[in-house]
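K.L.:
sharing a model that was predicted from the sequence below.
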Amino acid sequence: MKLTEMLVSIAIFLIASALFTSSLISLRKRILESEGISRNAVSLLETDSFLRKEIQSFNVPYWKNFNCEFEGIRKKLLLSCDQKEIKVISVSLIYDRKHMAEGIKIEWTFSGKNYSTQEFIKQKVVYEDF
C-alpha cells in the first residue's frame, strides 16, 4: 500500500508541476504581449502630441491669408515629420465654420493603420452686430 500511495503522490506532484509551469509560460507570453501593446500606444500618443505641437507652433496673424501661408507651413511640417520618421499621407487645410477657425489636418500611418490629427491655429476676425 505504501508503494501505491507513493506513486499516486508523485503522479499528482508531476501533474501539478506541469500545470504550474504551463500557466507561468502562458502568463509570460501575455505579459510580453501587453508590453508590446502598451509600447505601441505610447508611441502613437507621442506621435499625435508631436504633430499637434508642430501645428500649434505656426503663428499666422489674422491679417494674413492662411491659404497663401499654407504651402510654406506644409513644407515645414513634412520636413519635421521626415526627421521623426512619421509616414505622412496628406496635409490639408480645414475650416470650422461655427468658430470661424482655420487649421491643418495631417493624415499619417502608424503600424499599418491610418490616423488623422487636426488642430486649429488661426481664428478670423468677425464683426457681429450687438
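P.N.:
The structure has been received and is ready for your questions.

K.L.:
which residues are in contact with the lowest-mean-pLDDT helix or strand in the chain?
P.N.:
Using mean pLDDT, DSSP states H and E, strand 113-123 stands out as the lowest-scoring helix or strand of the chain, at a mean of 85. Contacts with strand 113-123, where a contact means C-beta atoms under 8 Å, 6 or more residues apart in numbering, come from 44, 48, 51-52, 55-56, 58-60, 62, 66, 89, 94, 96, 99-109. C-beta coordinates here come from the backbone N, C-alpha and C atoms, glycine included.

K.L.:
contacts for stretch 31-50, please.
P.N.:
With contact meaning C-beta under 8 Å, 6+ apart, stretch 31-50 is reached by 84, 86, 108, 110-111, 115, 117.

K.L.:
rerun at 6 Å
P.N.:
Here stretch 31-50 makes contact (C-beta atoms under 6 Å, 6 or more residues apart in numbering) with 86, 110, 117.

K.L.:
and those residues as a markdown table, adding distance to L78?
P.N.:
Converted to a markdown table, those look like this (distance: C-beta to C-beta, whole Å):
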| residue | distance to L78 |
| --- | --- |
| I86 | 9 |
| F110 | 16 |
| T117 | 14 |
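
K.L.:
ok, so of those, who is nearest I15?
P.N.:
Ranked by distance to I15 (C-beta to C-beta), the contacts of stretch 31-50 are led by F110 at 45.5 Å.

K.L.:
quick check: nearest residue in space to that closest one, chain neighbours excluded?
P.N.:
Leaving out its chain neighbours, the residue that sits closest to F110 by C-beta to C-beta, 6 or more residues apart in numbering is L44, at 5.7 Å.
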